[in-house]
Structures are given as C-alpha cells and as structure tokens.
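Enquirer: my questions are about this predicted structure, shown below with the sequence.
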Amino acid sequence: MDKDYDSKEAGRTIVNARGDKTDLYTEEALEKCRQDRLNHEGYIHISKFLQKVGWQETVEIIRTQEPPAWRMVHKGEGEELIEVILHVQGVVEETRLPPFKGNSEDIKKKQHMKQSIVIGGLGTDNFAKDMDGILDVYALFARNVKGLRILEMRSSEGQAVIEASNRIFTPRAEALSMQPAEVPPEIDHNNYIANVNAFDPKFVYGEENEVMYGEERINDEGKKRFHVRDIVDIGFCMIIVGKAENLKATVLLRTITLLDAMHTQKVTGRLNTQKWLKTKAIRHNQSSGKGQVSLKKRERFEEDEEDARKKMKKLAISNA
C-alpha cells in the first residue's frame, strides 16, 4: 500500500452541490475560517455587516475625483470619511499577483496590468450568502448612481465565484495629486514598478493601487506561498467607474490573507490539488478546444497579517 495513502482522509471524499467530488475536510476548513472571521472584531465581514438593521443608513455613496469613482464610505473618528472595506473567505481558484516583470516603455501593458484573485466556495450555502451580500451592496449603488450597468459575476463549473482585482498603475491624468507609494521589494523584484514611479510621468503606483498581503501561517520551509485550493480572506471595496451611461461596478482588491494552506502543503494535499486542477483543465479544454494548460506558482509577499493591517491606511475622501 502507498505509504502516503490515508484511509481516513480517503473516506472523507463527498459529492458537493455541483456534483463534483471534493475533500470534505476542505469544506469544513472553509466553514471554520469563515466562522473565525465572523467573530473577529478587526474585520468587517460582509454577511455580518449586512445583517445589521438599517445598515444602508450607516454608509454614504459619494463620488471622488482622484481617481474618479463612486464609493461607499462611512464616518470615522472626527467625521473623517472612510472607505468601507468588506471581507469574505473562499478557496483560491485563480491568481495573478506580483511580482511582475515588465518593460517600462510598454504603455499598453501598464494600462492593463492588474493584481487579481478568484475565489470560490465549493458550493457551500454560506459562500452563496456572502455572494448575495455583494449583490446587496451593488443594489445600494444602483439606487444612487444612474446609468449603472448590471453587475457581471463570474462562474466556474456552474457556480458563482468572486473575482477581485486592482490596477498596478493609475494613469496620472486620473490622479494628478496622488503621491507615489513606497514599493515593497517583494512585489517588485526587477524594480519595474519603482522605475515607473520615478521616471514615467503618465502613470503612478499610489495608495489606490496598494494591496496588503499577509498570512496567518508559514510553511515548514519558512517560505510564504499560496496556491490554488488554499483558503484565503480577501478584503475589498466596491467602486463604480466609467463615464455617463457606461458605468460599471468593480470589486476592488485591498487585502489578501492566507488562512489555511494544509491542502497544498501535505503530500496528499498536493496530489489532490493536482488531480483537481487536471479535472478543471480537461473540462476547460473540452469547452474551449484548447489542448494545453500552463500552470505557474507565484511567491507571496512576506508580510504577516498583523503588519498588513497596520499598514492599511485609511482612505480619506472628500465630496466632489
């Protein structure tokens, strides 16, 4: 018998809501992480926030000029307006995160460079409730912003997923007064972002573009990594961007925190992940006609979650 085979874990395989075989432990771990976050005073969990009677009266939808966008804010200390950052937990399905390699002369690439993550909920009811919460936030924007397009939600194998992203650079024309932010070396190995900040007058990496990365665990080798199928917490804001009758809602990524990587650190977890990825790749190829899928792993930023929270600055907003 394979020495890595675990009969107890093998017996925990179930069929989830969308008919796929999945690891029951993964669903249990996701539910535990979600419950821990619900009880955490340092975070505004989306479902807990929306459970408050009259939550709509505690926030305000305003338009900012730099960069131009509609945002949901609440009043902090001293009547300062603070952008509302909401949190949700899920299983990583896709990532595109720094460090990025680039050519500082490539204007088109700078315009479209994003850091993004896609998370799913393994068909769990609570993740579906959190998804409904995002739609409730969108509905509040729709009542306050004319011309807003219908919110587009991604799906994976028939189940809704959450995609959150943030631009690496803001066009300087959209934020004339935004100051360049300090670029952590962990996300800028070849100084590409720093060079754009220093020498390119058309773009800026500023506070609006910062995403705080952290984690609540480190693997045995002391390296901080996360992969597809890890459980994470993401902090996000919903903003409305665009012009006139072509306004659209965007889930703006603010933080990513690794909560549970047990499923990709153990040998059995790696094998399960490889099998899970292979199944997804086969389904994708059958539907798209592509015959090859390339998977890459990316190293995460070396900041723990506490440092990330301390670094997260309040976004002071003034009415236009």
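Expert: Great, that's in hand.
Enquirer: now do the longest strand along the chain: which elements does it pack against?
Expert: In the chain, with assignment by DSSP state E, the single longest strand is strand 248-260. Where contact means 3 or more C-beta pairs under 8 Å, 6 or more residues apart in numbering; DSSP states H and E, strand 248-260 is packed against helix 24-38, strand 114-120, helix 125-144, strand 162-167, strand 212-215, strand 231-241, helix 305-311. Backbone N, C-alpha and C define where each C-beta goes, glycine included.
Enquirer: buried ones in that strand?
Expert: Neighbour counts over strand 248-260 (16 or more other C-beta atoms under 10 Å) mark 249-260 as buried.
Enquirer: find me the pLDDT at residue 247, would you?
Expert: On pLDDT, residue 247 comes in at 94.
Enquirer: ok, it - contacts?
Expert: Counting by C-beta atoms under 8 Å, 6 or more residues apart in numbering, residue 247 makes contact with 70, 145, 147-149, 240-241.
Enquirer: pLDDT check: weakest of the residues you listed?
Expert: Lowest pLDDT of those: residue 147, 87.
Enquirer: from residue 88, how far off is that one?
Expert: Residue 147 sits 27 Å away from residue 88 when distances are taken as C-beta to C-beta, to the nearest Å.
Enquirer: what about the two, which has more around it?
Expert: The neighbour comparison of residue 147 against residue 88 (other C-beta atoms under 10 Å) goes to residue 88, with 25 against 13.
Enquirer: wait, the more buried one sits on residue 48?
Expert: No - with contacts counted by C-beta atoms under 8 Å, residue 88 stays clear of residue 48, the gap being 10.8 Å.
Enquirer: residue 256 is in contact with residue 232, correct?
Expert: Yes - if you go by C-beta under 8 Å, residue 232 and residue 256 touch, sitting 5.8 Å apart.
Enquirer: what do those two both touch?
Expert: Residues touching both residue 232 and residue 256 (C-beta under 8 Å, 6+ apart): residue 117.
Enquirer: about what we covered before: got the helices and strands packed on strand 248-260 as JSON lines, with distance to residue 154 and mean neighbour count columns?
Expert: Formatted as JSON lines, the helices and strands packed on strand 248-260 follow (distance: least, C-beta to C-beta, whole Å; neighbours: other C-beta atoms under 10 Å):
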{"stretch": "helix 24-38", "distance to residue 154": "19", "mean neighbour count": "17"}
{"stretch": "strand 114-120", "distance to residue 154": "7", "mean neighbour count": "21"}
{"stretch": "helix 125-144", "distance to residue 154": "11", "mean neighbour count": "17"}
{"stretch": "strand 162-167", "distance to residue 154": "5", "mean neighbour count": "20"}
{"stretch": "strand 212-215", "distance to residue 154": "22", "mean neighbour count": "24"}
{"stretch": "strand 231-241", "distance to residue 154": "14", "mean neighbour count": "22"}
{"stretch": "helix 305-311", "distance to residue 154": "25", "mean neighbour count": "15"}
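Enquirer: please consider this matter closed, and thank you.
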